[in-house]
Each structure stands twice: as structure tokens, then as C-alpha cells.
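*Asks:* A structural model of the following input is requested.
(chains A, B, C and D)
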Number of protein chains: 2
Amino acid sequence: MIPSDLIKGSLKTIVLKLLKENGRMYGYEITRRVEELTEGKIKLTYGALYPVLHKLESEGVLVTESENFNNRIRIYYLLTPHGHSVVEDKIKELNEFIESLQRIVDTKPGLSHA
Amino acid sequence: MIPSDLIKGSLKTIVLKLLKENGRMYGYEITRRVEELTEGKIKLTYGALYPVLHKLESEGVLVTESENFNNRIRIYYLLTPHGHSVVEDKIKELNEFIESLQRIVDTKPGLSHA
DNA sequence: TGCAATATATAAGCAACTTATATATTCTAT
DNA sequence: ATAGAATATATAAGTTGCTTATATATTGCA
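*Replies:* Model prediction:
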């Protein structure tokens, strides 16, 4: 399990990226997909996820579609046109972040300033 | 510039990794090295860095060696034996995190659950 | 009949950072 | 000479973004 401290800042981007790839998803589904993709290493908590989804909705990044499935409410989230451009930026940022981290962890002693 | 939200959780690991590779470093030097390695994409603030260094010292992960260079105080930080094992764990965590993020951002639509 | 899984929601509390501020010296340019 | 940039460390107040705990309700399995 990757500690939540590390994941903190990327939560929003992760959610947006999944919505981009899958068209629309509901909250519970998002946590499942993240666990699946990361082999259980990243587990999103609902206390973190739902507030983020609500905030993104209030910012006009997402819209919702409520549906009923077996008497359980499912609230699907979709990107707005504005949301699509937000995701692009966020993913670029995340890729730069990943690249930067790799440069730091891949540096070998003596090669850092050879 | 990568937003600080993303970097937040990795600060401690970044610092420890650099100390591991370079033997000993002083605070100002750490911020420089991070900027250098990431081509200016990651900039550590002193308000974040020094409290982290002090905390790691109080936890027995680091020890200090104060020296005088051109009438400027330099406080070098070094890993303790305990610190070395902490770094190993932290780096493993960070590598798992990087790998997980890559799986999420590299997923293409239609291939995620093919 | 009870527990795990499915599904969403929110409040209180905490940790880790940002921002602002303080101090002091050296180096560079004018 | 003198001003500003770079070097060097430090801490307090404030904010953000999570965790943890709690609440509610249905379906599926043993």
C-alpha cells in the first residue's frame, strides 16, 4: 500500500484521467478501477473522493447523471468541454512530475554532477 | 513549474535520496540540486525544507555537522545508520508510486479493461 | 439471519505544506 | 562606495487536503 501522503496531490488528476478514458464513471467504480490498475497499491478513500468529485462539479469540470441500478443510486460523472481541457493540462503536469521524480530516484552516486 | 500540491508528499523522500547519493548536503544546496536535476521544474521552498530537515534530525534519521564557509554558516545533514534503512524503504515506496501513476496515465481508452 | 459488498455523504481533526517575515554575509555591477 | 542579487538558515500563522469516524440503505451470499 502506497501511503496517502504520496497520493494526496495526484488524486484530482487520477480521477480526471479515468473519466477521460472511460467516458463516465460513478464514485465507487473509480475507487475499484484505481485499485485494479495499481494492483491494490493505491486505495482511494470515499472521504477524499466524494468531496473532490463535488468540488470538480461545482467548478464546472464535471457534470452528473443520476441513474438507478438495482435500487442503488449511481451518480455518474462526466467531463464538460471545459473539463476536457483541464484534464489535458493536468496530465501534462503529472507527466512532468513523474519524469522529475525519476530523474531524482534514478541518479546514481558520482553521476549526479560528473 | 510543477505545482507544490503534487510534490508535497514526496519532499521527505527526495531529500533523503539526495543525502544518500551525496553523503552530506546543506539545505540551500539541496534546493539547488533539485532544481538542477529537474531543470527548474521542482523548486523547494525553505519554509518546507528546513522544518523537514529539523524533524528528520529529531527522529534520528539525520545528524548535522555545522561548518563555517566564508563567514556563512553551513549546516550539513548526513544520514544515520537508521536513516539509511529509512531511505531504502522510502525509495521503494516512491518507485511503486511512480509505477502506479504511470499505469494510470498510460492507460489508453478501450485497453483499460479489454 | 447475518455479514460482505455495493453506493453515497459529511463533519471533525490533523499533517504538511505556503506565505510572510527575519537576519546576516558575499559577490557583482555601476 | 553602494545597491541588489545570491548565499544561508529560521520560524510563525494560515490554508489546504486529506484521514477517520459516522450515517444510511440495498443486494448477494452463506
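*Asks:* Checking my notes, A:E65 in a strand, right?
*Replies:* Yes - the assignment for A:E65 by DSSP: H, G, I helix; E, B strand; the rest coil puts it in a strand.
*Asks:* quick one: it from A:I98, how far?
*Replies:* As judged by Cβ to Cβ, to the nearest Å, A:E65 and A:I98 stand 32 Å apart. Any C-beta I mention is one placed from the backbone N, CA and C, and that applies to glycine too.
*Asks:* Looking at those two, which one has more neighbours?
*Replies:* Neighbour tally, A:E65 and A:I98, criterion other Cβ atoms under 10 Å in any protein chain shown: the higher count belongs to A:I98, 19 against 11.
*Asks:* what helix or strand is that one on?
*Replies:* Taking DSSP states H and E as the criterion, A:I98 maps to helix A:81-106.
*Asks:* Quick one: mean pLDDT over that helix.
*Replies:* Average pLDDT, helix A:81-106: 96.
*Asks:* Check whether stretch A:70-85 comes near DNA strand D.
*Replies:* Yes - residues of stretch A:70-85 contacting DNA strand D under Cβ under 7 Å from any atom of the strand: A:N70, A:N71, A:R72.
*Asks:* Using neighbour counts, trim these to the buried set.
*Replies:* Neighbour counting over the residues of stretch A:70-85 next to DNA strand D (16 or more other Cβ atoms under 10 Å in any protein chain shown) leaves no buried ones.
*Asks:* mind listing the strands for chain A?
*Replies:* Per DSSP state E, chain A carries strands over the ranges A:24-26, A:62-69, A:72-79.
*Asks:* In chain A, which residue is most central in space?
*Replies:* A:I14 (1.4 Å; Cα atoms, centre = their mean).
*Asks:* Okay, the nearest residue to it once chain neighbours are set aside and A:V63: tell me how far apart.
*Replies:* Distances taken as Cβ to Cβ, 6 or more residues apart in numbering or on different chains put B:I104 closest to A:I14, at 5.6 Å, once the chain neighbours are dropped. Distance, B:I104 to A:V63, by Cβ to Cβ: 22 Å.
*Asks:* what about those two, which has more around it?
*Replies:* B:I104 (22 against 14).
*Asks:* near DNA strand D, which residues of chain A show up?
*Replies:* Counting by Cβ under 7 Å from any atom of the strand, the residues of chain A that sit close to DNA strand D are A:4, A:7-9, A:11-12, A:44-48, A:51-52, A:70-72.
*Asks:* Widest-spaced pair of those residues?
*Replies:* Using Cβ to Cβ, the two most remote members of those are A:G9 and A:N71, lying 37.0 Å apart.
*Asks:* thinking again about what came up before, take the strands of chain A and write them to JSON lines, including distance to chain B.
*Replies:* As requested, the strands of chain A are exported to JSON lines (distance: least, Cβ to the nearest Cβ, whole Å):
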{"stretch": "strand A:24-26", "distance to chain B": "11"}
{"stretch": "strand A:62-69", "distance to chain B": "18"}
{"stretch": "strand A:72-79", "distance to chain B": "13"}
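*Asks:* looking at the ones you listed, which is closest to DNA strand C?
*Replies:* strand A:24-26 (3.3 Å; Cβ to the nearest atom of the strand).
*Asks:* Could you pull out the buried residues of the closest one?
*Replies:* Buried, per 16+ other Cβ under 10 Å, within strand A:24-26: A:M25, A:Y26.
*Asks:* now do stretch A:2-20
*Replies:* For stretch A:2-20, by 16+ other Cβ under 10 Å, it's A:2, A:6-7, A:9-20.
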